[in-house]
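>>> Quick one: sequence and predicted model below, then my questions.
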Amino acid sequence: MARILRAWSIFAVLAAVLLGIPAEVAAAEIDLEDQVYGGLYSSEFFAAEDLEALGIASSALGRVTFGGTFHHVGENDYVGGGTWSNTRELLDEVWRAAATPFANVVVDGASAAAIASGEYDDAIEAWASHVEQYLDIDDGLPQRRVIIAPLQEANGTWVSHGCDPASFKTAYRKFVDIFRDRGIDETRVRWAFAPNGWTPPGCGEIADYYPGDSYVDVLAFSAYNFGSCFPGSSWTPVSWSVDGPISELTAINPVKPIVVAQIAAPRSCERVEMGGLGEDRGTGGDQASWVKELFDYLRAKENVAGFIWFNVKKVEPGNDSEVLMDWRIWDTASWVSPGWKDGLPGVLYRWPLSDWFRPGPLTIGLERGTPPCSKVVCDSVGYFDSEGQWWLWDGVSAEASQDAFSFGDPGDIAFMGDWDGDGVATPGLYRRSDGFVYLRNSNTPGVADITFFLGNSGDLPLVGDFDGDGKDTVSIYRPSQGKVYVINELGLRGGGLGAAQPPFIFGNPGDTPFVGDFDGDGIDTVGMYRASTGFAYFRDSLTDGAADYSVLLGEPGDTILAGDWDGDGDDTVAVYRPSTRRVYMYLENTATAADYSRYVGTLPIATTWGRVAAERAAWASRWPEQHSKLAIWAN
């Protein structure tokens with residue numbers, strides 16, 4: 001008979017929209033394999049006949065996946081009733097150059113509040129119609145697609161729509177909603193949130209501007225190294241330019257792809273004087289070395305999917321005079337930066353970029369490592385949400401299907417167990433308001449099949465097969481005493497629990513108990529996790545005493561879980577990490593790197609065992625599909 005286990009753990013609140021999408025919709029996942037996609041902006045068109053002159057298709061420069069473009073919603077106004085479309089033609093020139101447009105769009109001179117008010121809805125609608133013209137071109141090339149970044153760099157005073165996060169979020173959503181109302185879906189258009197990498201004082205933080213997961217597919221930012229071209233500025237390393245915004249964006253959502261939407265370091269700069277150029281200011285550094293460093297640096301960032309180089313020579317306003325900045329890494333004279341050439345082996349090229357435009361949320365790195373389950377019965381993941389809904393995955397990997405049903409009330413403590421010994425784990429609940437446990441013998445909605453009183457106020461249910469008879473029972477952990485009371489029979493209907501074995505003490509006050517068969521002998525025992533240090537303590541018998549062994553797992557503050565992730569007959573630990581929103585699974589109870597990790601979603605609140613211990617639980621058990629699941633529940 002397949003062994004079934006349960007585990008208690010620290011709890012963190014989960015919303016019903018844990019993944020933000022219906023269970024039946026799979027994410028469109030990007031697999032980069034330690035590489036990034038490259039891209040370019042150009043001050044010239046990407047017309048197919050000019051590709052060699054621009055260097056985009058040259059062997060020296062290599063092809064680029066993204067072609068950056070800039071737009072304003074009124075750019076087609078003067079066309080009148082003709083057939084010409086500036087928007088359509090510019091986007092199509094990028095597509096015919098075998099690149100995917102990354103289109104930045106603004107409403108010239110408009111504040112975020114004015115856009116949010118609806119004043120420019122008609123202009124946005126008109127611009128959307130021109131994008132639709134581009135998408136509908138049928139000339140034998142692959143179906144056209146585009147990534148759009150509305151109102152870029154809004155987190156500062158350098159744009160008319162800047163430094164107003166509340167209005168910006170509404171204005172950004174207007175662009176997305178108008179396109180969606182026209183029936184233009186995610187298989188044609190993806191949406192990028194593209195702030196500046198630096199937010200000035202008084203304008204908040206990048207997170208304040210985020211329009212929400214349902215409106216954003218790609219996280220992006222701008223980052224420039226201005227060198228010594230302006231008084232008070234100096235040459236900066238790549239890390240100085242990109243580390244901060246990458247960290248901020250990853251904290252917003254750790255699985256959305258990040259694109260450095262604008263980036264450059266100067267090749268040269270000269271002060272502009274009336275009637276001509278002034279002195280050469282020097283850049284203060286080596287552009288070629290900086291470009292090579294950029295390639296290597298971004299490849300090492302697991303969520304960074306690409307970058308778009310600002311390959312333009314233009315006048316930049318300064319604090320004492322205007323400066324002619326040459327940001328280019330190639331020019332029409334066929335010069336290509338050696339830094340770009342050196343970095344090419346780490347750059348991917350793909351056109352069309354089909355995996356970015358599959359149905360479903362766009363994600364990167366949902367899983368790390370190979371899913372460990374190669375046998376019939378393995379533990380996996382699931383959760384109980386704040387509305388009393390159960391979500392059960394049928395496997396460890398992100399491709400696993402998901403079932404959902406309702407049982408219980410918001411605020412109940414959830415767990416799983418095989419109450420009748422039929423080999424199938426089913427739900428259980430502890431309701432603090434009345435002190436009763438409610439058990440159900442099927443994974444379906446309905447009323448409880450078994451009810452009984454748990455114990456004292458503040459007791460916590462521990463679920464496991466503590467005598468090896470193939471049935472799970474509900475035992476008790478009493479935090480006020482630090483004692484575990486093992487009970488090998490379920491309570492009588494409407495009555496109380498039966499007699500407990502002599503209690504035992506294991507661990508320190510504040511430790512988190514978890515349950516598993518750690519030595520594979522068919523009997524569950526209790527472990528303890530000390531979140532303050534990250535240590536897990538294991539004991540292979542239900543008796544007082546010191547830990548048989550301990551291991552350092554992950555980081556302080558992680559949530560402990562336990563399950564048989566590879567189906568080998570013994571249970572090993574996993575941790576949930578709020579900062580990355582991943583479960584990290586270990587196939588041995590040793591202090592090594594996790595063998596596999598999976599993203600499980602956003603946890604708005606993460607707390608500790610001691611504050612409201614009855615609100616935190618996690619379990620692992622086997623479903624009818626012969627798969628087991630670890631579940632994180634919520635109240």
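Received, thanks.

>>> all strands in the stretch 351-500 of the chain, in order from the N-terminus.
Remark: strands assigned in the stretch 351-500 of the chain by DSSP state E, counting those that start in this stretch are 362-364, 367-368, 381-384, 389-393, 402-406, 413-417, 426-431, 436-439, 450-453, 460-464, 473-478, 483-485.

>>> could you say what helices and strands the third one packs with?
Looking back up the chat, that one is strand 381-384. strand 389-393, strand 628-633 (3 or more CB pairs under 8 Å, 6 or more residues apart in numbering; DSSP states H and E). For every residue, glycine as well, the C-beta is placed using N, CA and C.

>>> try the shortest one
Helices and strands in packing contact with strand 367-368 are listed as strand 596-599; criterion 3+ CB pairs under 8 Å, 6+ apart.

>>> Pull the strand it packs on out as CSV, backbone CA atoms only.
Output of strand 596-599 as CSV, limited to C-alpha atoms (Å, rounded to 0.1, in the frame of the first residue of the first chain):
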residue,chain,number,x,y,z
TYR,A,596,13.9,21.2,-7.6
SER,A,597,11.8,24.4,-7.1
ARG,A,598,8.5,25.5,-8.3
TYR,A,599,6.8,28.9,-8.2
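
>>> Next, the buried residues of it.
For strand 596-599, the neighbour count (16 or more other CB atoms under 10 Å) marks Tyr596, Ser597, Arg598, Tyr599 as buried.

>>> now, among the residues you listed, which is nearest to Arg440?
Nearest to Arg440 among the buried residues of strand 596-599: Arg598, at 26.8 Å, using CB to CB.

>>> hey, what's the closest one bridged with?
Counting by DSSP bridges, Arg598 is bridged to Glu367, Val583.

>>> Give me the pLDDT for it.
On pLDDT, Arg598 comes in at 82.

>>> Any regions of the stretch 151-300 of the chain where pLDDT drops low?
For the stretch 151-300 of the chain, the stretches flagged by pLDDT under 70 are 274-277.

>>> which one of the buried residues of strand 596-599 is nearest Leu249?
Nearest to Leu249 out of these is Tyr599 (CB to CB; 15.4 Å).

>>> My read is that that closest one contacts Tyr584, right?
No. Between Tyr599 and Tyr584 there is no contact, the gap being 10.7 Å when judged by CB atoms under 8 Å.

>>> For stretch 70-78, measure first residue to last.
18 Å (CA to CA, to the nearest Å).

>>> now that stretch, how far from the centre of its chain.
Distance, stretch centre to chain centre, for stretch 70-78: 34 Å (CA atoms, centre = their mean, to the nearest Å).

>>> for stretch 432-442, same thing?
On the basis of CA atoms, centre = their mean, stretch 432-442 is displaced by 34 Å from the centre of the chain it belongs to.

>>> repeat for stretch 583-598
Here the centre of stretch 583-598 is set off from its chain's centre by 20 Å, with CA atoms, centre = their mean.

>>> list the buried ones in the host helix or strand of Tyr297?
Element membership of Tyr297, judged by DSSP states H and E, is helix 287-299. Judged by neighbour count (16+ other CB under 10 Å), helix 287-299 contains these buried residues: Gln287, Ala288, Trp290, Val291, Lys292, Glu293, Leu294, Phe295, Tyr297, Leu298, Arg299.

>>> now the helix or strand that it is followed by against helix 287-299, angle please.
Next along the chain after helix 287-299, taking DSSP H and E as the criterion, comes strand 304-311. Computed with axes from the mean of the first three to the mean of the last three CA atoms, to 10 degrees, the direction of strand 304-311 lies at 160 degrees from that of helix 287-299.

>>> Let me see the ranges of the strands in the stretch 501-635 of the chain.
Secondary structure of the stretch 501-635 of the chain, counting by DSSP E, counting those that start in this stretch: strands at 504-505, 512-516, 525-530, 535-538, 549-552, 559-563, 572-577, 582-585, 596-599, 605-606, 618-622, 628-633.

>>> can you count the residues close to Ala171?
For Ala171, the count of nearby residues is 27 (other CB atoms under 10 Å).

>>> quick one on the thing from earlier: among the buried residues of strand 596-599, pick out the one closest to Gly197, please.
Nearest to Gly197 among those, with distances taken as CB to CB, is Tyr599, at 24.5 Å.

>>> so Ala114 makes contact with Ala123?
No. Using CB under 8 Å, Ala114 is not in contact with Ala123, being 11.0 Å away.

>>> Chain neighbours aside, what residue packs nearest to the residue nearest the centre of the chain?
The chain has Val255 as the residue nearest its centroid, 2.2 Å off, counting by CA atoms, centre = their mean. Distance criterion CB to CB, 6 or more residues apart in numbering; nearest residue to Val255, sequence neighbours excluded, is Thr363 at 4.5 Å.

>>> who are the neighbours in contact with the one you found?
For Thr363, the contact set (CB atoms under 8 Å, 6 or more residues apart in numbering) comprises Ala27, Ala28, Glu29, Ile30, Val255, Lys256, Pro257, Tyr599.

>>> quick revisit: common neighbours of Ala114 and Ala123, please.
Shared contacts of Ala114 and Ala123, defined by CB under 8 Å, 6+ apart, are found at Val107.

>>> All set now, cheers.
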